[in-house]
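*Asks:* 3D, please:
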Amino acid sequence: MIRAALSLCLGLYATLTAGGGIVVVQKVQSDNESKEMTVKIQGDRIRFDITPAISVIRDVQSGELVTLMHERKGYLRVSSEAAAALRQRVASQVPPSATPSAAPRGKLQPTGRKEKISGFDTEEYIYISGGRRMDLWIARDFPQWSVVMEQMSKLQNTGLDPLVQNLSPDPKELPGMPIRTETEMSGRKVILTVISGKELTLDEKEFQPPTDYKALPQPGFGDDSDEP
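*Replies:* Down below sits the predicted model:
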């Protein structure tokens with residue numbers, strides 16, 4: 001999900017770090033269920049509003065993860081060190097040959113098919129790795145797609161993402177923004193569709209726990225600096 005020209009990419013990234021942001025609304029469909037998820041990107045921080053009850057904030061530079069639990073008015077902070085420790089623990093419990101990261105990196109292949117999705121002109125690509133197939137419908141005219149893909153690429157190196165990164169194409173190798181992604185594994189299909197994308201300046205409060213939220217105890221796998 002990137003690659004227009006180096007100068008364009010750097011220019012767009014400078015715009016974001018100067019105060020601009022991107023908001024992407026997506027629809028997730030799986031097993032007769034459908035829900036919307038909002039992704040907000042500004043600088044090196046990304047916020048995922050997964051459900052009305054849960055939001056996740058990730059710092060793509062430090063690897064820190066903050067989960068907001070809105071109904072409880074609480075948050076759980078996992079430091080980059082704790083995330084790395086958890087990743088190592090999970091990896092140690094699975095045979096190296098059985099981890100998704102052990103699967104060979106697949107190759108992105110164009111099919112030649114084109115379709116208009118959510119108002120964007122898209123082209124279909126296929127990616128297969130570890131028995132998992134992905135169909136990606138990619139748009140080259142999505143606003144600041146190169147910046148979005150740059151941040152997604154950084155995410156692949158933080159938290160638990162490195163354990164499964166080979167199951168998806170390297171975002172930096174994509175020629176545009178995936179507007180619709182269809183993933184099939186073990187007979188189950190998940191469809192992720194971008195409904196809209198817009199540029200705007202986001203409030204810094206979007207990337208911080210609200211002041212009336214309480215820090216929750218760590219689950220016991222890392223940093224406990226925020227425990228009450």
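*Asks:* burial count for G187?
*Replies:* Using other Cβ atoms under 10 Å, G187 has 5 other residues around it. Bear in mind the C-beta positions are built from the backbone N, C-alpha and C, glycine included.
*Asks:* and the residue nearest to Y75 when sequence neighbours are not counted, how far from T38?
*Replies:* Spatially, and ignoring its direct neighbours in sequence, Y75 is nearest to P209 (4.2 Å; Cβ to Cβ, 6 or more residues apart in numbering). Between P209 and T38 the computed distance is 18 Å (Cβ to Cβ, to the nearest Å).
*Asks:* so who does the residue nearest to Y75 touch?
*Replies:* Contact analysis of P209 by Cβ atoms under 8 Å, 6 or more residues apart in numbering lists V66, L68, Y75, R77, A215.
*Asks:* whatever helix or strand the fourth one lives in: partners in the sheet, and parallel or antiparallel?
*Replies:* So that's R77. For R77, the element it lies in under DSSP states H and E is strand 74-78. Paired neighbours of strand 74-78 in the sheet (DSSP bridges): strand 65-69 (antiparallel), strand 214-215 (parallel).
*Asks:* most packed of the ones you listed?
*Replies:* strand 65-69 (a mean of 19; mean count of other Cβ atoms under 10 Å).
*Asks:* in the longest strand along the chain, what's buried?
*Replies:* Taking DSSP state E as the criterion, the chain has its longest strand at strand 188-200. Within strand 188-200, the residues scored as buried using 16 or more other Cβ atoms under 10 Å are L192, T193, V194, G197.
*Asks:* one more: stretch 202-213?
*Replies:* Quick answer for stretch 202-213 (16+ other Cβ under 10 Å): L202, F207, P209, Y213.
*Asks:* tabulate those (JSON lines), appending secondary structure.
*Replies:* Listed next are these as JSON lines, based on DSSP: H, G, I helix; E, B strand; the rest coil:
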{"residue": "L202", "secondary structure": "coil"}
{"residue": "F207", "secondary structure": "helix"}
{"residue": "P209", "secondary structure": "coil"}
{"residue": "Y213", "secondary structure": "coil"}
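*Asks:* spatially nearest residue to G197 (excluding sequence neighbours)?
*Replies:* V24 (4.7 Å).
*Asks:* check contacts around the one you found.
*Replies:* V24 sits next to T38, V39, K40, I41, V148, V194, S196, G197 when contact means Cβ under 8 Å, 6+ apart.
*Asks:* quick one, which of these has the minimum pLDDT?
*Replies:* In this model, the minimum pLDDT among the contacts of V24 belongs to V148 (75).
*Asks:* give me phi/psi at D212?
*Replies:* phi -90, psi 10 (degrees, to the nearest 10).
*Asks:* show me the helices in the protein, by range?
*Replies:* Under the criterion DSSP state H, the chain contains helices at 6-17, 80-92, 145-155.
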